[in-house]
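# here's a sequence, model it:
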Amino acid sequence: MKYSASLSNNSNAKSNCHVDASTTPTAVDVLFGRGGETSNHNIKFRDEVTKFVDRYREATRSGKTIVAEEVVKAVKGYGGRFLALDDGSWYEVDDKRARMKVSQAFRDKNR
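The predicted structure follows:
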């Protein structure tokens, strides 16, 4: 399967991230980007977010951060990584960016 994605406007997106030219996404990885390929790939991630959605909705603002961190830990616990694509290479993003991805997934669930 061919993956394509774009990064956010952050030109320093790879700072503090693990970069490995041989990184290939697996079925349990969470891919950053827009479009059908990344959306179709992130099925296990969306299922994980669904498990926590009630706690997230009931949480205070600081509590939402904690719930998002728990989802990041859960994804990493089953071997998943949070990956973004830049110049044709996948790299693992830092926990802060992963947490932002999780928080956005929760907001998307509320739509």
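# so where do the strands sit in this structure?
Remark: strands assigned in the chain by DSSP state E are 18-19, 30-31, 82-86, 89-92.
# including mean pLDDT and mean neighbour count, could these go into TSV?
Glycine gets a C-beta too; all of them are placed from N, C-alpha and C. Shown next, in TSV, are the strands of the chain (pLDDT from 0 to 100; neighbours: other Cβ atoms under 10 Å):
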stretch	mean pLDDT	mean neighbour count
strand 18-19	53	12
strand 30-31	96	24
strand 82-86	94	22
strand 89-92	94	18
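# surely A68 touches S103?
Yes: counting by Cβ atoms under 8 Å, A68 does reach S103; the two are 4.9 Å apart.
# of the two, who's got more company?
Taking other Cβ atoms under 10 Å, A68 and S103 do not tie; A68 has more neighbours (24 against 18).
# how close does the more buried one sit to A27?
With distances taken as Cβ to Cβ, to the nearest Å, A68 is found 22 Å from A27.
# worst-scoring helix or strand of this protein, pLDDT-wise?
Within the chain, no helix or strand scores below strand 18-19, which has a mean of 53 by mean pLDDT, DSSP states H and E.
# want to throw the strands of the chain into CSV with distance to E58?
Conversion of the strands of the chain to CSV gives the following (distance: least, Cβ to Cβ, whole Å):
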stretch, distance to E58
strand 18-19, 33
strand 30-31, 24
strand 82-86, 25
strand 89-92, 31
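# nearest to R99, out of those?
In terms of Cβ to Cβ, the element of the strands of the chain nearest to R99 is strand 82-86, at 9.1 Å.
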